[in-house]
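>>> Need a 3D model of the following:
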Amino acid sequence: MDSFSNDISDSARKSSSTGTAEMNISDSARNSSGTAEMNIDDALTSQFTVTLKPSHLGARQKQYLNVPPAFQNAHGYDGRSEVVLRMRGEKWSVTLKHNIRAGGKTRASLRYGWHQFCVDNRLGVGDVCFFRALRGDGVGDDHALKVEVRKRNGAFLD
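Sure thing, here's the model as predicted:
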C-alpha cells in the first residue's frame, strides 16, 4: 500500500458516520507514475470522497457520479469534456456531462466511461472512492484523478 493509501487508512478509521473521511496529504507525495499530487495548500479542493449508491452503479446508460461543486470550480470542469481516472497502474477516460442547474450554474458529472471503471474494479454499493487531483505533466492527460477504493468490508483495493 502506498503513502496515499496509508493516509486514507488512517483517516478512514476516523471517518464520521456520513461516510466521509479527511485525508492527510504529503507535499512530496507521488503516485506510481511519478506524477506529483496536489500539495497541502490545495487540500480542500484537490480531493473528494464518495460512498457509492445505486445511482452511481445503475443501468449502464444511467450511471453517473456528480463532482462536488468546490472541486468542479477549482479545476475548471465547466470547460472540460474529459477526465482520466487512474488506479492500480491502469487508466480510464471518462466523459464529463454538464447539466445546467437552477440559477444557471453548471453541474459536472462523471458519465461515459464511469461504467467501465466500475465494472473493471468490481465496485459496489457501499464502497468508498477517494479521488485526488494529480498535477498534469503538460503532456497527454487533460486532467487526471488518482482513485483509491475502500470496499464495503473495509479492505482497500490494491
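
>>> the bottom helix or strand of this structure by mean pLDDT?
Confidence across the helices and strands of the chain bottoms out at helix 3-13, with a mean of 42, counting by mean pLDDT, DSSP states H and E.

>>> what about Glu148, which helix or strand?
strand 144-150 (DSSP states H and E).

>>> just checking, what packs against that strand?
Judged by 3 or more CB pairs under 8 Å, 6 or more residues apart in numbering; DSSP states H and E, strand 144-150 is in contact with helix 3-13, strand 82-87, strand 128-134. Using the backbone N, CA and C atoms, a C-beta is placed for each residue, glycine as well.

>>> contacting residues around the shortest one?
Right, the one you point to is strand 82-87. Outside of strand 82-87, the residues that reach it under the criterion CB atoms under 8 Å, 6 or more residues apart in numbering are 31, 33, 77, 91-96, 110, 113, 117, 121, 134, 141-149, 157.

>>> Can you turn the buried part of those into a PyMOL selection?
Selecting only the buried entries of the contacts of strand 82-87 in PyMOL, with 16 or more other CB atoms under 10 Å as the criterion:
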select buried, resi 31+77+91+92+94+96+110+113+117+121+134+141+143+144+145+146+147+148+149+157
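
>>> What ranges does the protein have for its helices?
Ranges of helices in the chain, per DSSP state H, are 3-13, 69-74, 114-120.

>>> Span of stretch 52-71 from start to end?
For stretch 52-71, the separation between the terminal residues is 18 Å (CA to CA, to the nearest Å).

>>> buried set for it?
Of all the residues in stretch 52-71, those buried under the rule 16+ other CB under 10 Å are Leu52, His56, Leu57, Gln63, Tyr64, Leu65, Asn66, Val67, Pro68, Phe71.

>>> Thanks a lot, see you next time.
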